[in-house]
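Colleague: The following comprises the amino acid sequence and a computationally predicted model.
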Amino acid sequence: MNPESFYFKSRLQKLRSQFELLKVDVFLVTFMPHLRYLSGFSGSAGIGLITQNNSYLITDGRYSEQVRQETKGWKIFINQTDLLDEMQKQKLLRAGLRVGFDGNTLVINQLQNFKKHFPKVKFLPKVDCIEKIAAVKDETEIAKIKRAVEITDRVFTEILSFLKPNIREVDIAAEITYRHRKLGADGDAFPPIVASGERSALPHGCASDKILKNGELVTLDFGCVYQGYHSDMTRTFALGRPKADVKIIYQTVLDAQMKAIEAARSGIKAKDLDAVARDYIKQKGYEKYFRHSLGHGIGLQIHEQPRLSVLSKATLEVGNVVTIEPGIYVPNLGGVRIEDDVVITNGFCEILNKSPKELLIL
Ligand code: ZN
Ligand code: ZN
C-alpha cells in the first residue's frame with residue numbers, strides 16, 4: 001500500500017473511533033478542506049458521508065474523473081444538478097440515524113436544506129472533531145509543508161533585489177504571487193501582506209499602492225500552497241538606517257521569537273508557549289503593542305489547530321506544525337513581526353524557514 005492511502009485510512013479510522021463518544025452513527029463532511037483531508041479529493045464542491053463501514057463522496061459532473069483519480073476506497077456518486085437530491089435518491093441516510101456534522105463550518109441554510117431532504121434524520125453539530133485529528137500531521141503532510149516553505153524562502157531571496165525605495169507595495173505583492181506560481185506552488189496562501197512606513201503598524205495591512213520610502217520599516221507576510229498545504233512567513237526590514245528605538249523593537253521581537261522557538265516542544269501548553277513571548281515583550285515594556293496571538297497551526301488551511309493564544313486549551317503534540325510570530329506595532333513609528341513555521345517533535349522543534357532573521361537594512 002502506498003503511504004498516502006495508508007494515512008487516508010488512518011484518518012478515517014481516527015474519526016470513526018470517536019463515533020461512540022460523539023453519539024453519532026454517521027459523520028457528514030461538507031467543508032472542502034475537511035473532505036480533502038479525509039479523502040484526498042481536491043475539488044471545490046462535494047459532500048462526504050462516513051459511516052462505520054463505508055465512505056461515500058457525492059460531487060458534480062465537473063469532477064467525475066478527478067474524484068476517481070484522487071480518492072481510494074470511496075463510493076462515488078455524481079449528480080449534475082443537486083448533491084442532496086442524489087443522497088436522497090441513493091437512500092444514503094435512513095430514518096433515525098444520528099448524523100454528526102462540523103458545527104463551525106456548516107452554514108444554517110445548508111443545514112435547513114439537509115433537514116428538508118432528510119426530515120427523519122437527527123443532525124447533530126459537533127466541533128473540532130476533524131480539526132483535532134488534522135492538527136497532528138503525518139510524514140506525507142510534513143513533506144508538503146516543507147516544500148511550501150522552501151518555495152516561500154526561495155521567493156524571499158529572489159525578491160530582495162526589488163525591495164528598495166520608490167516601488168509600490170502592490171508591485172512587491174505581484175512579484176511574490178508570480179514567483180510562487182513559477183516555482184511550482186498552487187498559488188498564494190493568502191494575498192501577500194506588504195505594509196510599509198506607518199502602515200507597518202497595521203498587523204494585517206494588505207499591499208496598497210503606497211510607495212516605499214527611505215527610512216521606513218516594511219513588513220512582508222506571505223506564504224504559498226503546495227499540493228494543498230500552506231506555508232506562512234513574515235520578515236520585517238528597514239529601508240535606510242533605522243532609528244534607535246526601531247532597532248530596540250526589532251531586537252525585542254527577534255528575542256521573543258527565539259525564546260518561543262526554544263520552548264516549543266511536545267507537552268507544552270499552547271497558552272504557556274504564547275506566554276513565553278508575551279512575558280518577555282511585557283518585561284521590555286511593549287506588552288500593549290503585541291495585540292495578537294503567538295501563532296497558529298498550518299496545514300490544508302492557513303489557520304488551524306492548535307492555536308497558540310492566551311485562550312487556547314491545546315497542548316502541543318509531536319506532529320503539530322505551527323507558526324511562531326510575535327510582533328510589536330507602535331502607532332506613528334511602525335511595526336515589526338517575525339514569523340517562522342516549525343514542526344513540533346519530541347523535546348524540541350524543527351524550524352522550517354531558512355530565510356535570515358537579523359534586521360536587513362536595504
Ligand atoms: Zn503570516
Ligand atoms: Zn501566520
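Modeller: Arrived safely, thanks for sending. Ligands and ions are numbered 1, 2, ... in the order given.

Colleague: Quick one: name the residues of the protein near ligand 2.
Modeller: 232, 323 (C-beta under 5 Å from the ion). Backbone N, C-alpha and C define where each C-beta goes, glycine included.

Colleague: wait, what's in contact with the residue most central in space within the chain?
Modeller: By C-alpha atoms, centre = their mean, the chain has its centre lying nearest to Ile302, at 1.9 Å. Taking C-beta atoms under 8 Å, 6 or more residues apart in numbering as the criterion, Ile302 is in contact with 189-190, 223, 230, 232.

Colleague: okay, those residues in CSV with secondary structure next?
Modeller: Shown next, in CSV, are the contacts of Ile302 (DSSP: H, G, I helix; E, B strand; the rest coil):
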residue, secondary structure
Ala189, coil
Phe190, coil
Gly223, coil
His230, strand
Asp232, coil
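
Colleague: centre of the chain versus whichever helix or strand Pro125 is part of, how much separation?
Modeller: Assessed by DSSP states H and E, Pro125 sits inside strand 122-126. Its chain's average C-alpha position is 26 Å from that of strand 122-126, according to C-alpha atoms, centre = their mean, to the nearest Å.

Colleague: And the residue of the stretch 251-362 of the chain closest to ligand 2?
Modeller: Nearest residue of the stretch 251-362 of the chain to ligand 2, counting by C-beta to the ion: Thr323, 4.2 Å away.

Colleague: Which residue is the nearest non-sequential neighbour of that residue?
Modeller: Gly295 (4.0 Å; C-beta to C-beta, 6 or more residues apart in numbering).

Colleague: May I have the phi/psi pair for that neighbour?
Modeller: The phi and psi values for Gly295, taken as degrees, to the nearest 10, are phi 180, psi -170.

Colleague: can you count the residues close to it?
Modeller: 28 (other C-beta atoms under 10 Å).

Colleague: got the contact list for it?
Modeller: Contact partners of Gly295, counting by C-beta under 8 Å, 6+ apart, are 260, 274, 307-308, 322-325, 339.

Colleague: repeat that for 10 Å
Modeller: Contacts of Gly295 were listed using C-beta atoms under 10 Å, 6 or more residues apart in numbering, and they are 232, 257, 260, 264, 270, 273-274, 277, 303, 306-309, 322-326, 339-342.

Colleague: Just grab the bridge partners of it for me.
Modeller: Leu308 (DSSP bridges).

Colleague: Against Val276, how distant is it?
Modeller: 11 Å (C-beta to C-beta, to the nearest Å).

Colleague: joint contacts of these two?
Modeller: Shared contacts of Gly295 and Val276, counting by C-beta under 10 Å, 6+ apart, come down to 257, 260, 264, 308, 324, 326.

Colleague: what secondary structure does the first one sit in?
Modeller: In the three-state summary, Gln257 is assigned as helix, counting by three-state DSSP.

Colleague: If you count contacts, what does the strand holding Pro125 end up packed against?
Modeller: The contact analysis (3 or more C-beta pairs under 10 Å, 6 or more residues apart in numbering; DSSP states H and E) places strand 122-126 against strand 26-29, strand 98-102, helix 108-117.

Colleague: and Thr236, helix, strand or coil?
Modeller: What three-state DSSP gives for Thr236 is strand.

Colleague: so which strand or helix has the residue nearest to the centre of the chain?
Modeller: Ile302 belongs to no helix or strand, assigned by DSSP H and E.
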